[in-house]
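Peer 1: Below are the sequence and a predicted model; questions follow.
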Amino acid sequence: MTRIISGRAGGTVLDVPAKGTRPTSDRVRESLFGALESADLLDGARVADLYAGSGALGLESLSRGAASADLVELSAPAAGLIRRNAARVGAAGVSARASVHRANVTAYLTSVEAEWDLVFLDPPYDLADADLTRALTALAPHLSPDAVVVVERSTRSGAPDWAAAGLVAERDRAYGDTTMWWGGLPA
């Protein structure tokens, strides 16, 4: 069962797509969001959740004080499910804006006018490295100066090619078969 862990909508159960996604475990999300909160990266943040799946990362951000979240998912059934999850989080008292975009991530990034402070990329494990690099490259112009980008992938996939996208690696942490890589704009 996937749920919002903390914040205004804490405990709210989220639906997950029946296939084609790999939801971030509660344990990994709890660790990730603990680090984000201790670095004061959530309060008032403009968030993008790319390859959103169930929307858990973006919706958790809203529950914990982010100002807005753009949730991007190509799958029509998953995008519909994210809309329902966002409504559930709203019903739990979260008034921040959650916008669901049914689109290819790279196409969305090349067509949108937006700036984000915190971005999650949790692509399918079979996404090619070149496709991830294209998405990161398209994302870079949309980052605020101190933005944090978190990429979640299989540990076997290896680190994103931050340099090819004009970004820099900041840190990483492995959780079994999953690793979270953090990056951002050069200083």
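Peer 2: Arrived safely, thanks for sending. Numbering: from 1, shown residues only.
Peer 1: which SSE is the residue nearest the centre of the chain in?
Peer 2: Centroid-nearest residue in the chain: F120, 2.6 Å away (criterion: CA atoms, centre = their mean). F120 is part of strand 116-121 when elements are defined by DSSP states H and E.
Peer 1: Which neighbouring elements make contact with the following helix or strand past that strand?
Peer 2: As assigned by DSSP H and E, the chain's next helix or strand after strand 116-121 is helix 129-139. The elements that helix 129-139 packs onto, with contact taken as 3 or more CB pairs under 8 Å, 6 or more residues apart in numbering; DSSP states H and E, are strand 46-50, helix 105-111, strand 116-121, strand 143-154. Where C-beta positions appear, they are placed from N, C-alpha and C, glycine not excepted.
Peer 1: Could you rerun that using 7 Å?
Peer 2: helix 105-111 (3 or more CB pairs under 7 Å, 6 or more residues apart in numbering; DSSP states H and E).
Peer 1: Now do stretch 49-57, average pLDDT.
Peer 2: For stretch 49-57, mean pLDDT is 96.
Peer 1: If you count neighbours, what's buried in it?
Peer 2: Neighbour-count burial for stretch 49-57, with 16 or more other CB atoms under 10 Å as criterion, is recorded at D49, L50, Y51, A52, G53, S54, G55, A56, L57.
Peer 1: Please spell out the segments of this protein that come in under the pLDDT threshold.
Peer 2: For the chain, the stretches with pLDDT under 70 are 19-22.
Peer 1: so where's the longest helix in the protein?
Peer 2: helix 76-91 (DSSP state H).
Peer 1: Now do the end-to-end distance for stretch 12-32.
Peer 2: Using CA to CA, to the nearest Å, the end-to-end distance of stretch 12-32 comes out at 18 Å.
Peer 1: Report the buried residues of it.
Peer 2: Neighbour counts over stretch 12-32 (16+ other CB under 10 Å) mark T12, L14, D15, V16, P17, T21, R22, P23, T24, V28, R29, L32 as buried.
Peer 1: Identify the residues contacting the spatially closest residue to P186 that is not a sequence neighbour.
Peer 2: Nearest non-adjacent residue to P186, counting by CB to CB, 6 or more residues apart in numbering: V168, 5.1 Å away. V168 sits next to W162, G183, G184, P186 when contact means CB atoms under 7 Å, 6 or more residues apart in numbering.
Peer 1: change it to 10 Å
Peer 2: V149, W162, W182, G183, G184, L185, P186, A187 (CB atoms under 10 Å, 6 or more residues apart in numbering).
Peer 1: returning to what we had before: just give me the closest of the buried residues of stretch 49-57 to A39.
Peer 2: Closest approach between the buried residues of stretch 49-57 and A39, by CB to CB: L57, at 15.9 Å.
Peer 1: Using CSV, list the CA coordinates for the host helix or strand of that closest one.
Peer 2: Using DSSP H and E, the element containing L57 is helix 56-63. Provided in CSV are the C-alpha atoms of helix 56-63 (Å, rounded to 0.1, in the frame of the first residue of the first chain):
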residue,chain,number,x,y,z
ALA,A,56,3.4,9.9,-4.7
LEU,A,57,6.6,12.1,-4.8
GLY,A,58,4.9,15.3,-6.0
LEU,A,59,1.8,14.8,-3.7
GLU,A,60,4.1,14.0,-0.7
SER,A,61,5.8,17.3,-1.4
LEU,A,62,2.5,19.2,-1.4
SER,A,63,1.4,17.5,1.9
